[in-house]
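Trainee: Below: sequence and its predicted model.
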Amino acid sequence: MTLPAPIQTYFTAQAPQDGAALAAAFAPDAVVLDEGATHNGPQAIRLWWLAAKAKYRHSAEPLDLTETGGKTVVRARVSGEFPGSPAVLTFTFGLADDRIRDLRIG
């Protein structure tokens, strides 16, 4: 499976050393919705990602990709230090100009 470049960056970035690369994959006005919270802009998204990596020590393995309604939907097996691990989660990406414009994790 070939993922679009910014989505590939999202799934392969390693914390904390790839924080800048992860932030650069997001558009200036990007929004992430995860666990009932909204994170706006690359810097806030980077801080959310670093905190989540530190808390859950998780990794995500993409399983499949579909295009639906202008969104790129990736189902991934997420393993880490959280109840129910591993779990299959859905990552719904909106892309614009080769960057992630929005991401909803559920």
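Mentor: Sure, I can see it.

Trainee: okay, CA-based contacts and neighbour counts for the rest of this
Mentor: Noted.

Trainee: For stretch 87-106, measure first residue to last.
Mentor: 11 Å (Cα to Cα, to the nearest Å).

Trainee: tally of neighbours for the closest residue to A96 other than its chain neighbours?
Mentor: Nearest in space to A96, with sequence neighbours left out and distances taken as Cα to Cα, 6 or more residues apart in numbering, is A27 at 7.7 Å. Burial of A27 is recorded as 18 neighbouring residues (other Cα atoms under 10 Å).

Trainee: any idea of the mean pLDDT in the strand or helix carrying A27?
Mentor: Per DSSP states H and E, A27 falls inside strand 26-34. Taken as a whole, strand 26-34 has a mean pLDDT of 98.

Trainee: Following element in sequence after it, please.
Mentor: Next in sequence after strand 26-34, counting helices and strands by DSSP H and E, comes strand 37-40.

Trainee: got the buried residues for the helix or strand following that following strand?
Mentor: Where DSSP H and E defines the elements, the next helix or strand beyond strand 37-40 is helix 41-56. By neighbour count on 16 or more other Cα atoms under 10 Å, the buried set for helix 41-56 is G41, P42, Q43, A44, I45, R46, W48, W49, L50, K53.

Trainee: SS state for the residue lying closest to the second one once chain neighbours are set aside?
Mentor: Same thing as P42. The spatial neighbour of P42 that comes closest, neighbours along the chain excluded (Cα to Cα, 6+ apart), is A23 at 4.8 Å. What DSSP: H, G, I helix; E, B strand; the rest coil gives for A23 is helix.

Trainee: Now do the SS call for T2.
Mentor: Reduced to three states with three-state DSSP, the structure at T2 is coil.

Trainee: so what's the backbone phi/psi at it?
Mentor: phi -110, psi 120 (degrees, to the nearest 10).

Trainee: any idea how far it is from G84?
Mentor: Applying Cα to Cα to T2 and G84 gives a distance of 28 Å.

Trainee: And P16, by the same measure?
Mentor: Noted for P16: a distance of 24 Å to G84, by Cα to Cα.
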